[in-house]
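>>> just a sequence and a predicted model for now, questions to come.
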Amino acid sequence: MFDFPVLIGDIGGTNARFAVLERPGDEPAALAHVRTGDYPDPSAAIRAALAGAPTAPPRSALLAVAARVDGPAVRLTNAAWVIEGARIGADFGLSACTIVNDYVPVAAGAAALDPAGPDRGILAPIGPVLPPGRGARLVLGPGTGFGAAALVPYGEQLAIVSTEAGHTDFGPSDEAEAQLWPHLERVEGRVTVETLLSGPGLSRLYAALGGGHHADPAAVTADGLSGRDPAAVQALALFAKLLGRLCGDLALIFLATGGVYIGGGIAPRILPVLNQGGFRRAFAHKPPFAAQMAQIPTCVITIADPAFTGLAALASRPARFAYDGQAWRASA
């Protein structure tokens with residue numbers, strides 16, 4: 001399905017990362033890590049990434065994008081780029097260009113991970129170290145936005161189910177949250193998962209807790225981890241609790257006995273807070289299924305570019321996975 005070398009890319013609202021996979025089964029050779037806002041369109045960023053690359057020009061491309069992939073032209077949710085497989089293919093003389101949601105490769109990369117086995121260097125457990133079950137696996141991540149997908153065994157294949165979980169409504173679950181909710185900044189009149197469980201969401205939690213408006217999420221994180229700012233400490237603790245609750249909800253929806261694997265840019269930075277207990281308590285508090293939830297492993301993916309592993313798997317072993325995306329192929 002892919003002609004090698006394959007250009008692979010992980011394109012988000014803030015950052016875009018590119019690599020080349022020269023042959024099936026190879027490790028991706030990283031090209032560049034650029035800021036999305038520094039380039040007018042994806043072709044300009046790809047051109048800069050390929051300039052001086054010590055590899056042969058790519059013959060096809062597989063790009064993961066932080067957006068809903070539902071047509072030949074995909075607009076990033078949190079940036080101005082419009083990504084068109086046909087245009088990128090024409091710009092670089094490719095035989096094919098496939099575009100998928102950014103959590104499709106994260107799910108593919110999580111297919112063989114074992115939180116209780118040799119992957120401890122890649123995974124940081126939240127709570128007890130538990131072996132994964134044989135059921136579905138859930139991958140998700142708060143970052144500039146919020147993404148989530150499920151990896152579901154289906155016969156000899158693994159089906160990857162993309163979601164827009166970040167854009168579902170998110171409400172309070174106890175009295176303290178009910179008192180806080182009226183003070184939260186709405187986005188287009190709504191409080192969604194992404195409104196709170198993202199970098200901007202952490203700032204909104206901090207503001208609602210009395211810490212001040214328009215705070216930089218990185219500063220809130222640093223001040224919360226150091227204990228310098230009580231409102232930042234509260235914001236991180238609440239963020240961890242809400243993330244645990246949502247992870248539990250999605251694990252129930254997909255019966256994700258194979259485990260929950262958290263990516264994104266925020267979770268690796270706040271591991272000490274995630275392990276304070278609030279995350280796991282909220283995750284498992286799902287009566288009448290609390291005992292079953294307690295057996296599901298939860299962990300953070302700690303490597304910098306988890307999508308690259310999954311993109312390499314998708315390109316190298318395309319028959320193993322079933323997933324939705326937009327595929328452009330050059331005319332014969």
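Cool, the structure landed.
>>> low-confidence ranges, the stretch 51-200 of the chain, go.
119-120 (pLDDT under 70).
>>> which residue ranges form the helices in it?
85-92, 103-109, 175-180, 193-196, 199-208 (DSSP state H, counting those that start in this stretch).
>>> would JSON lines of these with distance to Ser162 and mean neighbour count be doable?
(Each C-beta comes from the backbone N, C-alpha and C, glycine too.) JSON lines is the format used below for the helices of the stretch 51-200 of the chain (distance: least, C-beta to C-beta, whole Å; neighbours: other C-beta atoms under 10 Å):
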{"stretch": "helix 85-92", "distance to Ser162": "17", "mean neighbour count": "18"}
{"stretch": "helix 103-109", "distance to Ser162": "6", "mean neighbour count": "29"}
{"stretch": "helix 175-180", "distance to Ser162": "29", "mean neighbour count": "12"}
{"stretch": "helix 193-196", "distance to Ser162": "15", "mean neighbour count": "24"}
{"stretch": "helix 199-208", "distance to Ser162": "21", "mean neighbour count": "24"}
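>>> of all those helices, which lies closest to Ile8?
Ile8 sits nearest to helix 103-109 of all the helices of the stretch 51-200 of the chain, at 8.2 Å, using C-beta to C-beta.
>>> how about residues contacting that closest one?
10, 64, 137, 139-141, 147-151, 158, 160, 162-163, 261, 263, 301, 306-311, 313-314, 321, 323, 325 (C-beta atoms under 8 Å, 6 or more residues apart in numbering).
>>> just how off-centre is it within its chain?
In terms of C-alpha atoms, centre = their mean, to the nearest Å, the centre of helix 103-109 is found 8 Å from the chain centre.
>>> again, but for stretch 156-163
Distance, centroid of stretch 156-163 to centroid of chain: 15 Å (C-alpha atoms, centre = their mean).
>>> show me which residues of that stretch are buried.
158-163 (16 or more other C-beta atoms under 10 Å).
>>> among the residues you listed, which are in strands?
The strands, defined by DSSP state E, take in 158-162 from these.
>>> can I get the residues you listed in a markdown table with distance to Ile296?
Shown next, in a markdown table, are these (distance: C-beta to C-beta, whole Å):
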| residue | distance to Ile296 |
| --- | --- |
| Leu158 | 18 |
| Ala159 | 19 |
| Ile160 | 19 |
| Val161 | 18 |
| Ser162 | 21 |
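>>> ok so Leu246 is a helix residue?
Yes. Leu246 sits within a helix when classified using DSSP: H, G, I helix; E, B strand; the rest coil.
>>> I'd say it and Val193 touch.
Yes. Using C-beta atoms under 8 Å, Leu246 is in contact with Val193, at 6.1 Å.
>>> between these two, which contacts overlap?
Common contact partners of Leu246 and Val193 (C-beta under 8 Å, 6+ apart): 165, 170.
>>> show me where the stretch 201-332 of the chain has strands.
Per DSSP state E, counting those that start in this stretch, the stretch 201-332 of the chain carries strands over the ranges 260-262, 298-301, 321-322, 326-329.
>>> quick one: contacts for Pro182?
Pro182 touches nothing, counting by C-beta under 8 Å, 6+ apart.
>>> again, only using 10 Å
If you count contacts by C-beta atoms under 10 Å, 6 or more residues apart in numbering, Pro182 has them with 172, 208.
>>> again with the one 5 residues further on
Applying C-beta under 10 Å, 6+ apart to Val187 gives the contacts 167, 194-196, 200-201, 204.
>>> show the pLDDT at the residue lying closest to Asp26 once chain neighbours are set aside.
Closest residue to Asp26 apart from its sequence neighbours, by C-beta to C-beta, 6 or more residues apart in numbering: Ala312 at 7.3 Å. Note for Ala312: predicted pLDDT of 95.
>>> number of residues surrounding Ala312?
By other C-beta atoms under 10 Å, 23 other residues sit near Ala312.
>>> does it really touch Ala30, like I thought?
No. Using C-beta atoms under 10 Å, Ala312 is not in contact with Ala30, being 11.7 Å away.
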